[in-house]
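*Asks:* Fold the following, please.
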Amino acid sequence: MKKDVDFHKRSDEDFKDFIKKLELQALETAEERIPLYLEVGLKDADTILDVGCGSGTVTKDIARFTKGSVIAIDGSRNMAMVAKDILKDCDNVQILIGSAEKIPFGENSFDIVTCNLFFMWVDNPQIVINEMVRVVKNGGIVLASLEPDYGGKIHWPENQKIDEIFAGRVIRERGGDPHIGRKLRSLFVRAGLETRVGIGNNRIWSCEEDKSYYLHARDFYVKTLFDAGLSEEEIDKWEYEYLKSLDEKIQLNFFPQFYAIGKKP
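*Replies:* All right, here's what the predicted structure looks like:
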């Protein structure tokens, strides 16, 4: 029997692992997102819309950072249920199930409209950004706080077989766009926004930080390689070499993650 796949293109058996991955990403990228929240005036905004809120882990940061009212929407009923649990202690958040391609609000409704790690998963990103612009107020801000670009991923020492898997192949197989980061400026400008783009993760992690993150997310990496067709022996060999390079302090990883800030005229 074919398993159901929800809006986030994951089967039921992968869903829990995906939630854990989202929690890790939220922790990992907090230092990049907070300065953007300060720059766009999130703290003093009265109305904020978080599009594609997913598990609600990033929405929770937004809710704690602002005095305003936050509405979070996601196209997945399963995700909305997870978000309701994660955000149950946030009194200023309302969670809705809704399509980002047809946001259920009128024009000029919000001071700030934001999303995080979202455009890479939508089928029609231009339609989505156009909708975000429609519901933000004149003079308001649309913020994409993080969208990666796997095509710019740098990894040394190299492992051609393994690196290719993590450099976008898995994203494409799940229906995502691994090169969405480089497209943000085009999307925002074509939606009529005064646009600035940048890279949020300028700092390259130390080998100790890389190792700590890998060990915390090890199950995700091993499962991804297994699903890609690697044998247990191949995975063990790769892990040994990867951890050895970290212990020798020669490993370097760089993964460009772009943001875009757009102001509606």
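*Asks:* rest of the way, CA atoms for contacts and neighbours
*Replies:* Fine.
*Asks:* my read: residue 208 touches residue 246, true?
*Replies:* Yes - at 7.2 Å, residue 208 and residue 246 qualify as touching, with contact defined as CA atoms under 8 Å.
*Asks:* quick one: residue 149 from residue 54, how far?
*Replies:* Using CA to CA, to the nearest Å, residue 149 is found at 20 Å from residue 54.
*Asks:* if we can go back for a sec, tell me which of residue 208 and residue 246 has more neighbours.
*Replies:* residue 246 (17 against 13; other CA atoms under 10 Å).
*Asks:* how about the spatially closest residue to that one that is not a sequence neighbour, what does it touch?
*Replies:* Closest residue to residue 246 apart from its sequence neighbours, by CA to CA, 6 or more residues apart in numbering: residue 207 at 5.2 Å. The contact partners of residue 207, by CA atoms under 8 Å, 6 or more residues apart in numbering, come to 246, 247, 249, 250, 251, 252.
*Asks:* and the longest strand for this protein?
*Replies:* Ranked by number of residues, the top strand in the chain under DSSP state E is strand 136-148.
*Asks:* Buried residues in it, which are they?
*Replies:* By 16 or more other CA atoms under 10 Å, the buried positions in strand 136-148 come out as 136, 137, 138, 140, 141, 142, 143, 144, 145, 146, 147, 148.
*Asks:* ok, back up a step: who wins for neighbours among the contacts of residue 207?
*Replies:* residue 251 (21 neighbours).
*Asks:* what about the strands in the stretch 101-250 of the chain?
*Replies:* Counting by DSSP state E, counting those that start in this stretch, the segments of the stretch 101-250 of the chain that form strands are 110-115, 136-148, 154-156, 194-199.
*Asks:* Contacts for the first one, please.
*Replies:* The one in question is strand 110-115. 42, 45-53, 132, 135-137, 140-146.
*Asks:* Export it to PDB, keeping only CA atoms.
*Replies:* Extracted in PDB, the C-alpha atoms of strand 110-115 (Å, rounded to 0.1, in the frame of the first residue of the first chain):
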ATOM      1  CA  PHE A 110       0.300  42.700   7.800                       C
ATOM      2  CA  ASP A 111       3.300  44.800   8.800                       C
ATOM      3  CA  ILE A 112       5.700  41.900   8.100                       C
ATOM      4  CA  VAL A 113       5.400  38.700   6.200                       C
ATOM      5  CA  THR A 114       8.200  36.200   6.700                       C
ATOM      6  CA  CYS A 115       9.200  32.600   5.900                       C
END
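*Asks:* starting at the chain centroid, how far to it?
*Replies:* 16 Å (CA atoms, centre = their mean, to the nearest Å).
*Asks:* Poorly predicted segments of the protein, please.
*Replies:* Residue ranges of the chain with pLDDT under 70: 1-13, 15-20, 26.
*Asks:* Now with 50, please.
*Replies:* Within the chain, the ranges that satisfy pLDDT under 50 run 1-7.
*Asks:* So which residue is dead centre in it?
*Replies:* Nearest residue to the geometric centre of the chain (CA atoms, centre = their mean): residue 117, 2.0 Å.
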